[in-house]
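[1] I need the structure of the sequence given here:
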Amino acid sequence: MITRKVNKTFRFIKTIRNRSIDVSIWVVLFGLVFILFFANDQYTNINNYMNILREASFLCVAALGMTAIIITKNTDLSIGTMIALISVISFKIMPVIGIWPTILSAVCLGILFEMINGFFIVYLKIYAFILTLGMQYIYRGIAYIITQEKVLQVPVKEYTKIGNSNLFASGSFDGIPLPVILVIPLIVFAYVLLHKTSFGRKVFAVGNNEKAALLMGIKVEKTKFLAYVLLGFFNGIAAVMISSRLWIASAEMRPNYEFDVITVVVIGGCALSGGKGNILNTMAAAVFFAMISNIINQFNVDPYMQYIIRAMLLVMAFSIPKIKTVVSEIAEKHRYKNMIDNQKG
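    Residues are numbered from 1 along each chain as shown. Model prediction:
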C-alpha cells in the first residue's frame, strides 16, 4: 500500500513538472516585436497591434480546446469544416430565432459534433487522425448540401458587430477589438480548468501515461471524451466570431484553419506525444502566428509565397519537439563525457 502511494506521488510530481511553462515562445514573440519596432513604422502604431490581436483571437479560441486534445495524445482535423458547417446552419436559422439563440445554438452544435468525434475515437477506438479526416469531408459535404454550393450572406447585420466592433476608441486610437475582449475570459477559463482543477490534472496524467492514470483511479476514457466536449465548446464560439468577422458562411470558409490551430498549439510547446502544454503559451503562439501573417501582408509578400511560409511554419512546429530532444541528448552526452574526463584527471 505504501509503495503504491509513493508511486502515485512520483507520477503526479512528473505530471506537474511537465506542466511548467516554457518561456521560449514568449522570448521569440517579444524579440520579434522589438525588431519590428525599429524595422517598420507600421509596428510603432498601436492600431496595427490591435489588428494583430484581433486575428490572433480567432485562432486562439479553437487553440484553447485543441491544447487539451493534444495533451491527451489525440487530435482533430475536422474543426475547420466543422466551424464552416456551424456557421452555415447559424446563418440559416438566425432570421427565425434571432442572434442570441443562434449563438447558443452554435455552441451547442460545436459540443454535439465533438461528442460524435469523441465517441468514435474514445469508445470505439478509431484512430483520431483517420476519424477526424473522414468527418472533415462529411461536415463539408453537409455544408455544400445546405448551401447548394453558394456563399451565404449574413442575414442580420447586427451579428457582424461581434467580429468587427472596437471598444474604447479615442482620438487616433481605433479602440480594442471586441473579439480580443471576448477571448480574455475564455483564456482565463481554459487556464483555470487545465492548470488549477482536478480535471486538468487528469488530462495531463492521461497524456503522460494512460496505464499509470488507470492505476491511480482516473477514468481515462471519460477524461478524453470530456476533452473533446471542451473543444466543441470553443469551436462553437470560434464559429460565431469568424462568421461574424467575414460576414459570410460557406463550405470553404477559412480553409486549412485546423492546421493553423494545430501549428499554434505545437509552437506553444504542446507535445504531440502528450502530457505537456500550457494555455498561456498557446495564447502567445496565437499572437506570434497572427504577427507572422501581418508581416507577410505588410511587406507585400507574393500570395503564392505565403503558402510556402505557412507550410514552413507548420513543418517547424512539428520539428521543434524533436530538435529539443536531440539537443538535450547531445548536451547530456557532453556533460557525461566531461564528468568522466574530470574523474580520469
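[2] got a list of contacts for stretch 64-73?
    With contact meaning Cβ atoms under 8 Å, 6 or more residues apart in numbering, stretch 64-73 is reached by 75-76, 79, 186-187, 190, 194, 203-204, 206-207, 223-224, 227-228, 230-235, 261-262, 265-266, 268, 270-279, 282. Every residue, glycine included, has its C-beta placed from N, CA and C.
[3] if any of those are buried, put those into a PyMOL selection.
    Buried residues among the contacts of stretch 64-73 (16 or more other Cβ atoms under 10 Å), as a PyMOL selection:
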select buried, resi 75+76+79+186+187+190+194+203+204+206+207+223+224+227+228+230+231+232+233+234+235+261+262+265+266+268+270+271+274+275+276+277+278+279+282
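[4] from the contacts of stretch 64-73, which ones fall inside helices?
    Per DSSP state H, helices hold the following members of the contacts of stretch 64-73: 79, 186-187, 190, 194, 203-204, 206-207, 223-224, 227-228, 230-235, 261-262, 265-266, 279, 282.
[5] quick check: closest non-adjacent residue to Leu231.
    In this structure, Leu231 finds its nearest non-sequential neighbour in Gly65, 3.4 Å apart by Cβ to Cβ, 6 or more residues apart in numbering.
[6] what helix or strand is the one you found located in?
    Per DSSP states H and E, Gly65 falls inside helix 46-71.
[7] can you give me the buried ones in that helix?
    48-71.
[8] stretch 30-50 now?
    Going by neighbour count (16+ other Cβ under 10 Å), the buried part of stretch 30-50 is 32, 36, 42-43, 48-50.
[9] now those in TSV, with distance to Asn297 and pLDDT?
    Below are the buried residues of stretch 30-50 laid out as TSV (distance: Cβ to Cβ, whole Å; pLDDT from 0 to 100):
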residue	distance to Asn297	pLDDT
Leu32	15	84
Leu36	13	85
Gln42	10	82
Tyr43	13	84
Asn48	10	90
Tyr49	14	91
Met50	15	93
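[10] now do the strands in the stretch 101-250 of the chain.
    Assigned by DSSP state E, counting those that start in this stretch, the strands in the stretch 101-250 of the chain fall at 152-153, 166-167, 176-177, 248-249.
[11] out of those, nearest to Tyr257?
    Among the strands of the stretch 101-250 of the chain, strand 248-249 comes nearest to Tyr257, with 13.5 Å by Cβ to Cβ.
[12] dump the buried residues of stretch 30-50 into TSV; add distance to Asn256 as well.
    Shown next, in TSV, are the buried residues of stretch 30-50 (distance: Cβ to Cβ, whole Å):
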residue	distance to Asn256
Leu32	23
Leu36	25
Gln42	26
Tyr43	26
Asn48	24
Tyr49	25
Met50	25
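[13] any idea which of these is the one closest to Leu124?
    The closest of those to Leu124 turns out to be Leu32 (Cβ to Cβ; 43.5 Å).
[14] show the contacting residues for that closest one.
    Contacts of Leu32 (Cβ under 8 Å, 6+ apart): 288, 291.
[15] which strand or helix spans it?
    helix 24-39.
[16] can you list contacts of stretch 131-145?
    Stretch 131-145 has contacts (Cβ under 8 Å, 6+ apart) with 75-78, 80-82, 84-85, 88, 113, 116-117, 120-121, 250-252, 258.
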